[in-house]
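Student: Structure for this input, please:
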Amino acid sequence: MSPLTWGFTMGLEKTLTGINGFDEITDGGLPKNRVSLISGNAGTGKTLFSLEFLVNGIKNQKENGIFISFEESENEIISNAQSIHFDLNALRQEGSLIVENINLDADHSEEVGDYDLSPLVLRIKALQKQNDAKRIVFDTLEILLSKFRDPFIIRNRVQQLFQQLKEMGLTILMTGERDDKGLSKRGFEAFSSDCVISLDHRVVNQLSTRRLRVVKYRGSAHSTNEFPFMIHEQGIIIYPITSMRLDYKVSNNKVSTGISGLDEMLGGQGFYEGTTVLISGTSGTGKTSIGASIINHACKMGHQAVFYSLEEASAQIARNMQSINIDLNQWIEKDLLHIYCSRSTNYGLEYHLLVLQKLLNTYKPKYFFLDAISNFINAGSPDQMKQILLRMIDLLKTEGVTTIMTSLANKDDGSGVDVSSFVDTWLFLDALEDAGERNRTIYIIKSRGMAHSNQAREFLITNQGIELVNLYTNAAGVHIGRKRTIEESLDRAKAAVLKSTNQNNLLVLENEKKIAELRIEQIKSELLAKEKKVGMDIMENEEMDAMMNKNISDLL
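Tutor: You can find the predicted model right below:
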């Protein structure tokens, strides 16, 4: 079901145009066997749209077509179509397409009496008999109508023409030149049509953008918003920018960043697959280096990746990354990495959205690196940039692509652009200046759905890549860079001195303990000798006392 049907089932039968994006906008294409008007100023793509409607009908739906021009010759039409790789000659030769020019020379035509368009109907019937056409284009009917003056008769005859063509089983598409008053110069073409499509070509700040809007569609729900479209070598591509709904699939798989310290900060395994990661920071903090490191690791794992650069050329990117041991050229040669470079100011914002869709359709990447989104501010207003980035994020999420975006920001606005609420993981890089040095730090502002570090880490850009180190904290404060190295050295020296002092104290104590033990042994020995002497003295005294007692006894 198309995102634009909102669950309704339409009974109106439709004809697919095959134009990329348009059939989604209209939930199935143009109304079958009815009249549609495509209106716009010169150069908006009306003829191209109608030709692609016929060509795609022949190739995809097996419905032959007729193209009637009241302005350009057959050769001019065929030649113009070759610029977008439409080989009308081949289709003419096989009989599936008829290109007919009806020359209405003003010198040989005049309005006389009660005219009708029956000769035109007879001519179309003859053409349809040749190839059993199901689709017909009038480019542009206004040239035919300009030959007549009575608007009431013109309207009546045109309605009769359309009715007869419908009875012939034809789906009708006519182009019309719009003016300042309305969608067509005469007005009634829009009222007579079941579907009206408006094209315009705007130039704002020297940047051009083509836009399409379905003004009306009888009997069918449709989006009335404006949609940017692009004319490229394969025809028209329209991106339905407002059709996204928050119903994309999510993954529980986590993917590594390829930077071990950063993985640790992200809970040990990296971030979720298919999510959007914003890396913002001031100039020179290493945003591109970290993003390129993630893309490099993805290619190592065998994943397709696209690097969309708005700042540097491909060769310059590859050269710069070699300085940190990242060889992007090897992945380009293996067709795993595709680098697309364009200045943001080369085109309007909508064009970059269409380029994104084309890159996704062409390469089917698993990873997409956009560097740097803050450049879009040069291609439109902040509100326009926010809307385009939101649509880009929605498109990438719908395709399940893991997206890395960088943004130039200062310390006050954080993300640099107002899309931080739309991303899943936000890394902020900062540069701390102290003691004549500028050192880099990284914070995780948020990472939805997973535990993550709330501490800042210092990181180094070395010739071996990105290396994260812990901030060094002691009684003197937090230190990074050279001061961290000095403080670490001082603390190590202090620790060594303390260790040495403690060892000396232990040695002194041990010596004093041994001296004390010897003294104790000496005292014990002296006490033992005294005890022995006292014992002997006692024995002698007892013996003398016994002898005295015996002598006294003998005398008695």
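Student: how about residue 154, secondary structure?
Tutor: helix (DSSP: H, G, I helix; E, B strand; the rest coil).
Student: could you measure it against residue 277, distance?
Tutor: Per CB to CB, to the nearest Å, residue 154 is found 60 Å from residue 277. In this view, the C-beta of every residue, glycine as well, is placed from N, C-alpha and C.
Student: So for these two, which sits in the more crowded spot?
Tutor: Neighbours per residue, other CB atoms under 10 Å: of residue 154 and residue 277, the larger number sits with residue 277, 24 against 21.
Student: That one and residue 263, how far apart?
Tutor: Spatial separation of residue 277 from residue 263 under the definition CB to CB is 13 Å.
Student: just residue 531 next, same as before
Tutor: Residue 531 is 76 Å from residue 263, by CB to CB.
Student: Could you check which of those two is surrounded by more residues?
Tutor: Relative neighbour count places residue 263 above the other of residue 531 and residue 263, with 18 against 10, counting by other CB under 10 Å.
Student: Tell me if I'm right that that one and residue 269 touch.
Tutor: Yes. Contact between residue 263 and residue 269 holds when scored by CB atoms under 8 Å: they sit 6.3 Å apart.
Student: Next, show the common contact partners of those two.
Tutor: Common neighbours of residue 263 and residue 269, using CB atoms under 8 Å, 6 or more residues apart in numbering, are residue 256.
Student: Any idea which helix or strand in this protein has the lowest mean pLDDT?
Tutor: Taking all helices and strands of the chain together, the one with the lowest average confidence (mean pLDDT, DSSP states H and E) is strand 477-479, at a mean of 55.
Student: right, and the helix or strand after that one?
Tutor: Along the chain past strand 477-479, the next helix or strand (assigned with DSSP states H and E) turns out to be helix 481-555.
Student: helices and strands around that following helix, which ones?
Tutor: Under the contact criterion of 3 or more CB pairs under 8 Å, 6 or more residues apart in numbering; DSSP states H and E, the helices and strands touching helix 481-555 comprise strand 425-434, strand 437-447, strand 472-474.
Student: quick one: average pLDDT of the shortest one?
Tutor: Think strand 472-474. What strand 472-474 shows for mean pLDDT is 61.
Student: cool, the second one as well?
Tutor: Throughout strand 437-447, pLDDT has a mean value of 87.
Student: What are the buried residues along that strand?
Tutor: For strand 437-447, the neighbour count (16 or more other CB atoms under 10 Å) marks 439-445, 447 as buried.
Student: same question, the first one
Tutor: Of the residues in strand 425-434, those buried under the neighbour-count criterion (16+ other CB under 10 Å) are 425-432.
Student: with those residues in mind, which one is nearest to residue 190?
Tutor: Of all the buried residues of strand 425-434, the one with the least separation from residue 190 (CB to CB) is residue 426, at 48.0 Å.
Student: Help me confirm that the closest one comes into contact with residue 446.
Tutor: Yes. With the criterion set as CB under 8 Å, residue 426 and residue 446 qualify as a contacting pair; they are 5.1 Å apart.
Student: so what sits against both of those two?
Tutor: Taking CB under 8 Å, 6+ apart as the contact rule, residue 426 and residue 446 touch no residue in common.
Student: Any idea what residue 371 is bridged to?
Tutor: residue 309 (DSSP bridges).
Student: okay, it: pLDDT?
Tutor: If you check residue 371, the pLDDT there is 92.
Student: That one contacts residue 311, correct?
Tutor: Yes. When contacts are counted by CB under 8 Å, residue 371 is listed as touching residue 311 (6.5 Å).
Student: Show me the common contact partners of these two, please.
Tutor: Common neighbours of residue 371 and residue 311, counting by CB under 8 Å, 6+ apart, are residue 288.
Student: Neighbour count: those two, which is higher?
Tutor: Looking at residue 371 and residue 311 with other CB under 10 Å, you find the greater number of neighbours at residue 371, namely 24 against 16.
Student: mind listing what that one touches?
Tutor: Counting by CB under 8 Å, 6+ apart, residue 371 has contacts 287-288, 291, 307-311, 405-406.
Student: got the residue ranges for the helices in the stretch 101-250 of the chain?
Tutor: Secondary structure of the stretch 101-250 of the chain (DSSP state H, counting those that start in this stretch): helices at 118-131, 141-145, 151-167, 188-192.
Student: Which secondary structure elements does the second one sit against?
Tutor: Meaning helix 141-145. helix 151-167, strand 171-177.
Student: can you put those in a markdown table and add mean pLDDT and distance to residue 470?
Tutor: Converted to a markdown table, the helices and strands packed on helix 141-145 look like this (pLDDT from 0 to 100; distance: least, CB to CB, whole Å):
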| stretch | mean pLDDT | distance to residue 470 |
| --- | --- | --- |
| helix 151-167 | 83 | 77 |
| strand 171-177 | 90 | 67 |
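Student: how about the ones you listed in CSV, adding distance to residue 36?
Tutor: Compiled in CSV, those are given as follows (distance: least, CB to CB, whole Å):
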stretch, distance to residue 36
helix 151-167, 11
strand 171-177, 5
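Student: Out of the ones you listed, which is the most enclosed?
Tutor: Compared across the helices and strands packed on helix 141-145, strand 171-177 shows the largest average neighbour count, a mean of 25 (mean count of other CB atoms under 10 Å).
Student: so where's the stretch 451-556 of the chain uncertain?
Tutor: Low-confidence regions of the stretch 451-556 of the chain, defined here as pLDDT under 70, cover residues 471-490, 492-493, 556.
Student: go again using 90 as the cut-off
Tutor: Counting by pLDDT under 90, the low-confidence segments of the stretch 451-556 of the chain come to 453-460, 468-556.
Student: residues in contact with residue 406?
Tutor: Residue 406 sits in contact with 278-280, 287-288, 291, 370-373, where contact means CB under 8 Å, 6+ apart.
Student: Give me the sheet partners of the one helix or strand it maps to and which way each runs.
Tutor: According to DSSP H and E, residue 406 maps onto strand 402-408. Its sheet considered, strand 402-408 pairs with strand 276-281 (parallel), strand 367-371 (parallel) by DSSP bridges.
Student: Count the neighbours of residue 495 for me.
Tutor: Residue 495 is surrounded by 10 other residues when neighbours are defined as other CB under 10 Å.
Student: all helices for the stretch 251-400 of the chain, in order.
Tutor: Listed in chain order, the helices of the stretch 251-400 of the chain (DSSP H, counting those that start in this stretch) span 260-265, 287-300, 314-322, 329-333, 349-363, 382-398.
Student: okay, the ones you listed, which one's buried deepest?
Tutor: helix 287-300 (a mean of 23).
Student: next one: it to chain centre, how far?
Tutor: Counting by CA atoms, centre = their mean, to the nearest Å, helix 287-300 is centred 15 Å from the centre of its parent chain.
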